[in-house]
Structure formats: structure tokens, C-alpha cells
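J.: prediction below, plus the sequence it came from.
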Amino acid sequence: MKETGKYFFGRSAIHSSVDVSLDEVIALLRHAIDKGVDKSNKVVIPLRDALNEILDQKDKYQSPGEFLPTVIVEKYKALVTLTYPITGKTILGGYNSRKYLRRIGTLAFVLLLIILFDGFTDVYLNDIDAGEEGWQYWLKIIQNDFINIMIPFVWGALGSCVYLMKLLSDLYQTQTFDADKFHGSSTRILLGAILGGFVQYIYSPESFTSESLTLDANAMAFLTGVGVKVFYGALEKLIAELAKLLKLPSDFPKQQQSINEFLLQQLESLEAESDSAKVEYLHELMDKTKTT
């Protein structure tokens with residue numbers, strides 16, 4: 001009788017937030033064979049043989065409360081060290097990225113309609129005499145005193161939606177989408193809207209204008225939404241400069257790039273099969289630095 005056990009996978013390169021499923025193991029094995037990931041076949045062949053032994057019990061291991069034999073889980077973990085960031089979970093979960101893409105795409109479409117309505121309304125009001133009463137007058141008041149003020153925020157949110165749609169498309173193409181790690185999309189859109197709306201009050205559009213480049217407030221808002229991290233980094237530098245001028249202390253979080261580069265160098269120097277425990281631990285450290 002084979003040894004069995006329960007394996008909980010945390011949010012790391014090797015682990016996932018739920019028990020590894022048989023479908024995940026099969027999906028990753030197929031991927032590894034198709035891509036020729038395991039040149040030595042030291043992981044793929046033993047894993048394939050172990051799976052063949054339980055194929056007649058496939059329904060059993062796909063039912064709730066049943067866990068895969070330890071040897072399969074261990075070989076799966078070793079295979080993930082070779083395929084990272086692709087795992088069985090990301091391969092199967094890639095289809096879920098379409099759900100997120102539809103939601104963000106729908107929001108982007110609504111934001112685009114608002115922008116088009118604003119543009120058409122401006123053209124319409126410029127071609128008529130709205131007068132001082134009637135619905136045209138009130139439309140002009142709403143357009144000038146509310147919609148035109150809010151439009152940069154809409155452009156910023158649209159920029160963030162475009163960024164997230166591109167990110168989801170890339171994750172789907174590379175089979176690295178993990179729903180457990182794809183959090184904060186709403187926050188990203190909200191930040192894009194807020195920063196996009198206020199960037200015009202911090203930087204003058206004229207400062208980015210040249211013979212080949214002309215930016216207005218809406219264009220700046222859109223680009224800010226696309227590059228929230230870039231603008232936030234610029235904002236930190238601006239605040240740091242103001243702190244120096246005012247002789248105030250400034251203490252911003254340090255970037256994790258140098259730490260990740262060091263961990264990546266250590267990771268590349270290890271053998272996936274013989275140093276699987278070290279590889280797993282390094283992946284966990286890299287994931288933790290991304291969330292701090």
C-alpha cells in the first residue's frame with residue numbers, strides 16, 4: 001500500500017493554496033514532455049510511471065478528501081523547480097484569466113464610452129448657443145463644472161485597465177496566470193484614476209511638450225494610469241526633494257530589485273534535482289520580497 005499524505009501548497013513557486021490535484025500533475029507533465037523541459041528525464045519518467053500505476057484509480061484521486069501518493073507529489077514538486085513559473089495550477093488556471101479579462105475589458109469599454117460622450121458633448125455645445133435656460137444650458141453647466149473635471153480621472157482608470165489587460169494577455173500566453181496571486185486589480189485601477197486625475201496639478205503638460213511630443217492633461221492621466229509604478233516612483237523622488245528643501249526627514253521603502261537579483265543568481269547556481277529544498281526556499285523568499 002502506497003504512502004499517502006496531505007500537501008498544502010502556500011503562495012510560492014512550489015506550493016499552491018490548495019492541495020495539488022491529479023489534473024494539475026497531469027497538465028504539468030504533459031507540458032514538460034511537450035517542451036522537453038527535463039533533458040535528463042530524471043523527473044519526467046519516474047513521475048509518468050508513478051501516474052500510470054494509479055490511472056485505474058483516477059476517479060478516486062479526483063474526489064474530495066483523497067490525496068495523491070507522496071512519491072507523485074514529491075516528483076511534481078521537483079518538476080515545478082524545472083518549469084517555474086509554470087505549474088500545473090497555472091496551466092489549468094489560465095482559462096480563468098479570460099474571466100478577469102472580460103471584467104476589466106467591460107469596465108474599459110464603459111470608461112471609453114464616457115470619454116466619447118464627453119468628446120461628442122463638447123463638439124455639440126461648441127456648435128450651439130446654449131443660452132441661459134433650458135436643458136442645453138444645464139447640459140453645458142454639467143459638462144463644464146463636473147464632467148470635464150472628472151474626465152482625467154476616467155482617463156487614468158482607462159490607462160490602468162489597458163495595463164491590466166496587457167498583463168493578463170501575457171500571463172495567458174505564457175501559461176503563468178495564478179488566480180491566488182492576481183490580487184489588487186481593483187486597487188490598481190483606483191490608483192490609476194486618482195493619480196491620473198491629480199497629475200495635472202503636480203506636473204504641467206507643457207513640461208512634456210516638444211516638437212515630436214504633445215501631451216495634454218488627459219494624455220498625462222492615461223499614461224499615469226498605464227505606468228502607476230513609474231509615476232509613483234517619480235512622486236516619491238519629488239517628495240524626497242521637497243523634504244530636502246524643507247529640511248524634513250524622508251523615509252521611503254527601499255526597492256527590492258537588488259535582493260531579487262541576488263536570489264536569482266543563487267537560484268541559477270543550484271541543481272533543480274539535487275538541491276530541490278534550497279530551490280523551493282529561494283522561490284519562497286522571492287515571492288515574499290514581491291509582497292513587501
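T.: The structure has been received and is ready for your questions.

J.: isn't residue 169 up against residue 101?
T.: Yes. If you go by C-beta atoms under 8 Å, residue 169 and residue 101 touch, sitting 7.2 Å apart. In this view, the C-beta of every residue, glycine as well, is placed from N, C-alpha and C.

J.: which intervals of the stretch 101-250 of the chain have sub-threshold pLDDT?
T.: Within the stretch 101-250 of the chain, the stretches falling below the threshold (pLDDT under 70) are 209-210, 248-250.

J.: ranges for the helices of it?
T.: For the stretch 101-250 of the chain, the helices defined by DSSP state H, counting those that start in this stretch occupy 135-142, 148-173, 185-202, 217-226, 228-245.

J.: TSV for these, including mean neighbour count and distance to residue 69?
T.: Shown next, in TSV, are those (neighbours: other C-beta atoms under 10 Å; distance: least, C-beta to C-beta, whole Å):
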stretch	mean neighbour count	distance to residue 69
helix 135-142	13	67
helix 148-173	21	31
helix 185-202	19	37
helix 217-226	23	47
helix 228-245	13	44
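
J.: can you check which of those gets nearest to residue 51?
T.: With C-beta to C-beta as the measure, helix 148-173 is the member of the helices of the stretch 101-250 of the chain nearest residue 51 (26.3 Å).

J.: helices and strands around that closest one, which ones?
T.: helix 97-126, helix 185-202, helix 217-226 (3 or more C-beta pairs under 8 Å, 6 or more residues apart in numbering; DSSP states H and E).

J.: any chance of TSV for these, columns distance to residue 152?
T.: Formatted as TSV, the helices and strands packed on helix 148-173 follow (distance: least, C-beta to C-beta, whole Å):
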stretch	distance to residue 152
helix 97-126	10
helix 185-202	5
helix 217-226	4
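
J.: could you list which residues are in contact with residue 142?
T.: The contact partners of residue 142, by C-beta atoms under 8 Å, 6 or more residues apart in numbering, come to none.

J.: thanks again, I'm all set now.
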